[in-house]
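Peer 1: Could you look at this predicted model? Sequence included:
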Amino acid sequence: MNNNIFLRFKGFLDSSIRFKLMVSTSLVVFIIYIISSLLVNYRASDIIIKNLNLIMQSHAEKTAKDIYTNLKEGIGIVESVSVNPVVISYMTKTTTKDSIRKVPEYSTVIKTFKNLKESKANISSVYVGVDKPSYVVDEGEWVNPPDYVMQERVWYKETKNRKALFVSTPYEDAITKKNGCYNCNSS
């Protein structure tokens, strides 16, 4: 008897137009669903990627503008120090480590550096490297360690090679312990 029910059902499946239409329609709907899903996924991914690219471009432009503004301020300070007659006179007269604070222009140079630093919020230090005594003079009157040799620093070597104002690769500043990157060789 169970065989009889199975044969009836099998016959129904084989001969039923309704079943064949239902299977065909279901298959077509399923294929359309899959294709639609793939197209929607592709378009949505494309739109998301385009939007993310626009957002990243906007952030990159803002960051570039901020960097340019900061570099421009720093370059302005370096240029003003490199042509300042008091600073140039001080650097010329300072020939030994003992003369660093004894040259008459010293106090004026320190005031100039302090004023320059205070005029710009993003500047952490203003200083010059005095070549002959191998000494760095900054607005905070930093005392160079006895073993400090300016001529061995990467920023010093790059500056001597360039012989002009440039933005160097960042380095850790010995005074502020922050990254530095402005260098000018006025000689």
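Peer 2: Happy to help now that I have it. All of these numbers come straight from a predicted model, not from anything done at the bench.

Peer 1: Following the chain past the lengthiest helix in the chain, name the next helix or strand.
Peer 2: Using DSSP state H, we find that the single longest helix of the chain is helix 17-82. Using DSSP states H and E, the helix or strand that directly follows helix 17-82 along the chain is helix 85-93.

Peer 1: before we move on, back to that, got the angle between the longest helix of the chain and helix 85-93?
Peer 2: Helix 17-82 runs at 70 degrees relative to helix 85-93, counting by axes from the mean of the first three to the mean of the last three Cα atoms, to 10 degrees.

Peer 1: How far off centre is helix 17-82?
Peer 2: Chain-centre distance of helix 17-82: 22 Å, with Cα atoms, centre = their mean, to the nearest Å.

Peer 1: residues contacting the nearest residue to Val130 once chain neighbours are set aside?
Peer 2: Here the nearest residue to Val130 in space, its sequence neighbours aside, is Thr94; by Cβ to Cβ, 6 or more residues apart in numbering that works out to 4.9 Å. In short, each C-beta sits where N, CA and C put it, glycine included. Listed by Cβ atoms under 8 Å, 6 or more residues apart in numbering, the contact set of Thr94 reads 100, 103, 130, 132-133, 135, 137.

Peer 1: Ranking by neighbours, what's the top pick from those residues?
Peer 2: Val137 (25 neighbours; other Cβ atoms under 10 Å).

Peer 1: Please identify the helix or strand for that residue.
Peer 2: For Val137, the host element (DSSP H and E) is strand 135-138.

Peer 1: For that strand, list the C-alpha coordinates in PDB.
Peer 2: What follows is the C-alpha trace of strand 135-138 in PDB, where atoms were taken according to Å, rounded to 0.1, in the frame of the first residue of the first chain:
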ATOM      1  CA  TYR A 135      76.600  74.600  20.500                       C
ATOM      2  CA  VAL A 136      72.800  75.000  20.200                       C
ATOM      3  CA  VAL A 137      71.300  78.200  21.500                       C
ATOM      4  CA  ASP A 138      67.500  78.300  22.100                       C
END
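
Peer 1: residues of stretch 103-123 that come out buried?
Peer 2: Neighbour counts using 16 or more other Cβ atoms under 10 Å place 103, 105-106, 109-110, 112-113, 116-117, 123 of stretch 103-123 among the buried residues.
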